[in-house]
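Student: Any chance you could fold what I've pasted below:
(chains A and B)
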Amino acid sequence: DAGVIQSPRHEVTEMGQEVTLRCKPISGHNSLFWYRQTMMRGLELLIYFNNNVPIDDSGMPEDRFSAKMPNASFSTLKIQPSEPRDSAVYFCASIPGTPGNGELFFGEGSRLTVL
Amino acid sequence: GEDVEQSLFLSVREGDSSVINCTYTDSSSTYLYWYKQEPGAGLQLLTYIFSNMDMKQDQRLTVLLNKKDKHLSLRIADTQTGDSAIYFCAEIVNSGNTPLVFGKGTRLSVIA
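Tutor: Sure, this is the predicted structure:
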């Protein structure tokens, strides 16, 4: 199994640019999560999907952030326009069953730097 | 609401034991987890304990659970430099119908 695949691994962009992060969950996993990790705030849950449907996006910091899951094998997290305070490592994770029951599998993360 | 608390930093000498502590709030948690994050990588499940257990041992790892105090600990015996990582405690809430609640992570530094 290839695991959760994220791209890009590293992104450096300038303030105001659009950023799109991509995730391919493990095949057969029903729930997908986007997390953000910073030194100051630790690991924050941004949004999660169950069976491709967004369930809770209360962790999305503001309207500049949006996430989609058009099918079971692909999700995107978009930031438009990006700001320096968005610099963080963004993780995608998936789980085979209900959102909180079982082992959560994480991708390697996408490190975003906004200048 | 649900909350998982951990100390942020721990530093130990190589060969000593490390003890990472965690407190949680949801008394109905069925499983409690320890995840490990190595530098530049995502989190990986390290071990877990079922809530009807007091202790679980797996090679150098010992997990202790005190349900009364809602306290979980992870002990690493004979700590090695390769154990340097961030360790996250996590609990199941709402019978698993909502995401795991993670602590902020404890950064373990092992000094050679």
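
Student: residue contacts, the residue in chain A positioned nearest to chain B?
Tutor: Of all residues in chain A, residue A:101 sits closest to chain B, at 2.8 Å by C-beta to the nearest C-beta. In this view, the C-beta of every residue, glycine as well, is placed from N, C-alpha and C. Counting by C-beta atoms under 8 Å, 6 or more residues apart in numbering or on different chains, residue A:101 touches A:95, B:31, B:92, B:95-97.

Student: how about those residues in a markdown table, adding secondary structure, distance to residue B:25 and pLDDT?
Tutor: Output for the contacts of residue A:101, formatted as a markdown table (DSSP: H, G, I helix; E, B strand; the rest coil; distance: C-beta to C-beta, whole Å; pLDDT from 0 to 100):
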| residue | secondary structure | distance to residue B:25 | pLDDT |
| --- | --- | --- | --- |
| A:95 | strand | 22 | 92 |
| B:31 | strand | 15 | 88 |
| B:92 | coil | 12 | 85 |
| B:95 | helix | 15 | 77 |
| B:96 | helix | 16 | 78 |
| B:97 | coil | 17 | 80 |
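
Student: Make a ChimeraX selection of the buried ones in those.
Tutor: Buried members of the contacts of residue A:101, defined by 16 or more other C-beta atoms under 10 Å in any protein chain shown, are picked up in ChimeraX with:
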select /A:95 /B:31,92,96
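
Student: tell me which parts of chain A are close to chain B?
Tutor: Residues of chain A that fall close to chain B, judged by C-beta under 8 Å from any C-beta of the partner chain: A:4, A:31, A:33, A:42-43, A:45, A:48, A:56, A:91, A:93, A:97-104, A:106-109.

Student: let's go with 7 Å and repeat that
Tutor: Within reach of chain B by C-beta under 7 Å from any C-beta of the partner chain, chain A has these residues: A:33, A:42-43, A:45, A:48, A:91, A:98-101, A:103-104, A:106-109.

Student: Neighbour-wise, which one of those leads?
Tutor: Neighbour counts for the residues of chain A next to chain B, by other C-beta atoms under 10 Å in any protein chain shown, peak at residue A:33, which reaches 28 neighbours.

Student: What helix or strand is it located in?
Tutor: strand A:31-38 (DSSP states H and E).

Student: got a list of what residue B:22 touches?
Tutor: B:4-6, B:72-73, B:89, B:103 (C-beta atoms under 7 Å, 6 or more residues apart in numbering or on different chains).
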